[in-house]
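In: Kindly generate the corresponding structure for this input.
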Amino acid sequence: MSRFKKSYCRLSVAFAVIAILISVIVCTGQSVYATGTVSSSMAGSNTAATGSNDLDVPAGDDIAEPDVVRGGDVESATSDSTNGISFSYNNENGNLSGNIRIVLVLTIIALAPSILIMLTSYTRIIIVLHFLRTAIGTQTSPPNQVLIGLALFLTFFIMNPVFTQINENAIKPFDAGEITQEEALQIGSEPLREFMNGQVQTKDIDLFIEISGQTYDSYEEVPFSILIPSFIISELRTAFIIGFLIYIPFIVIDMVVASVLMSMGMMMLPPTTISLPFKILLFILADGWNLVIGSLVKTFY
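Out: Sure, this is the predicted structure:
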């Protein structure tokens with residue numbers, strides 16, 4: 001489990017570094033592009049204005065140009081309005097600028113490993129697979145990379161209906177401009193809330209409601225700040241129950257082998273050395289992977 005934690009920490013750090021680099025590059029590129037475009041348009045407008053004055057104004061008439069056109073005021077104002085973070089308001093309806101949206105998206109991508117682990121079926125799957133490997137007695141087989149990859153793909157398989165609903169009902173309409181950001185967040189959170197409510201146990205929700213000191217008319221009104229820790233505790237409890245059931249047949253084999261060795265007077269021989277091939281044989285004959293993975297996935301339906 002310590003190796004898994006190290007792998008997860010390295011993956012999280014890599015995601016964060018990549019997200020920060022992409023954010024800096026994109027924001028810098030957009031700022032440079034916007035500055036060059038505005039400067040070109042200002043130069044063109046000044047040229048057009050000069051030409052019109054030459055055609056319409058009689059010779060010898062001096063017309064004072066506005067102060068806004070002279071000096072570095074236009075350039076400084078242009079640079080101030082295009083470089084940096086800005087908010088636009090129209091009748092008290094505010095919208096985030098493109099740069100802020102990019103930063104928010106990259107922040108979500110950097111936090112994707114934590115969201116994937118805590119808000120999906122990943123926690124239960126990886127814990128059960130770890131219990132299975134420990135119960136068999138193979139220390140590094142399957143390796144951590146295989147278990148993590150298997151847990152990820154099983155998570156994508158189980159969460160596919162939820163991700164599809166979020167994409168169809170929230171992300172695509174928001175990209176098309178049909179709904180606002182608040183509506184997209186509200187609609188996108190509903191499938192995830194429905195999944196978590198179906199797996200969490202009510203006593204865990206009641207525990208955190210009691211700790212928070214709040215009251216709610218129904219569990220549908222419980223905020224994510226209470227639902228998420230309740231869901232995690234429920235997933236840990238369910239995973240440990242499944243792990244205990246997996247341990248039972250392998251413990252029986254260890255006890256039988258240890259009793260036989262004791263009766264034969266072979267006390268110096270470790271029982272695990274003899275019991276390991278028998279446990280692997282039992283797991284193969286029972287088609288263990290099909291049985292464990294199938295039963296594990298069905299617990300979410």
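In: Would you quantify the distance from Glu168 to Gln186?
Out: For Glu168, the distance to Gln186 equals 15 Å [CB to CB, to the nearest Å]. No exception for glycine: its C-beta is placed from N, CA and C like everyone else's.
In: what's the domain layout of the protein?
Out: Domains of the chain are assigned by automatic domain parsing as 1-36+98-110, 111-298.
In: looking at those domains, which has the lowest confidence?
Out: Note on these: lowest mean pLDDT is at domain 1-36+98-110, with a mean of 65.
In: re the thing from before, now the domains of the chain in JSON lines, please, with extra columns for mean neighbour count.
Out: Formatted as JSON lines, those follow (neighbours: other CB atoms under 10 Å):
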{"stretch": "domain 1-36+98-110", "mean neighbour count": "14"}
{"stretch": "domain 111-298", "mean neighbour count": "15"}
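In: contacting residues around the closest residue to Phe283 other than its chain neighbours?
Out: Leaving out its chain neighbours, the residue that sits closest to Phe283 by CB to CB, 6 or more residues apart in numbering is Ile136, at 6.2 Å. Taking CB atoms under 8 Å, 6 or more residues apart in numbering as the contact definition, Ile136 lies against Phe250, Leu276, Lys279, Ile280, Phe283.
In: Counting by contacts, list what the helix or strand hosting the third one packs against.
Out: Assigned by DSSP states H and E, Lys279 belongs to helix 271-285. Here helix 271-285 is seen to pack against helix 122-136, helix 224-263 when contacts are counted using 3 or more CB pairs under 8 Å, 6 or more residues apart in numbering; DSSP states H and E.
In: is it possible to export those helices to JSON lines including distance to Arg193?
Out: Shown next, in JSON lines, are the helices and strands packed on helix 271-285 (distance: least, CB to CB, whole Å):
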{"stretch": "helix 122-136", "distance to Arg193": "17"}
{"stretch": "helix 224-263", "distance to Arg193": "7"}
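In: For Glu178, find the nearest of the ones you listed.
Out: Taking CB to CB, helix 224-263 is the member of those nearest to Glu178, at 24.6 Å.
In: quick one, the closest one and helix 122-136 angle?
Out: 10 degrees (axes from the mean of the first three to the mean of the last three CA atoms, to 10 degrees).
In: related to what we said a few turns ago, just the closest of the contacts of Ile136 to Ser212, please.
Out: Phe250 (41.3 Å).
In: still on that earlier bit, if we compare the helices and strands packed on helix 271-285, which one ends up closest to Phe163?
Out: Judging those by CB to CB, what sits closest to Phe163 is helix 122-136, at 13.1 Å.
In: now that closest one against helix 271-285, angle please.
Out: Note on geometry: by the same axes, to 10 degrees, helix 122-136 and helix 271-285 are set 120 degrees apart in direction.
In: could you dump helix 122-136 to CSV, C-alpha only?
Out: C-alpha atoms of helix 122-136 as CSV (Å, rounded to 0.1, in the frame of the first residue of the first chain):
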residue,chain,number,x,y,z
TYR,A,122,-12.0,3.4,-7.3
THR,A,123,-11.5,3.3,-3.6
ARG,A,124,-13.5,0.1,-3.0
ILE,A,125,-11.9,-1.7,-6.0
ILE,A,126,-8.3,-1.0,-5.2
ILE,A,127,-8.7,-2.0,-1.5
VAL,A,128,-10.4,-5.2,-2.4
LEU,A,129,-7.6,-6.1,-5.0
HIS,A,130,-5.0,-5.3,-2.3
PHE,A,131,-6.7,-7.6,0.2
LEU,A,132,-6.9,-10.4,-2.5
ARG,A,133,-3.2,-10.2,-3.2
THR,A,134,-2.3,-10.2,0.5
ALA,A,135,-4.7,-13.2,1.2
ILE,A,136,-3.1,-15.3,-1.6
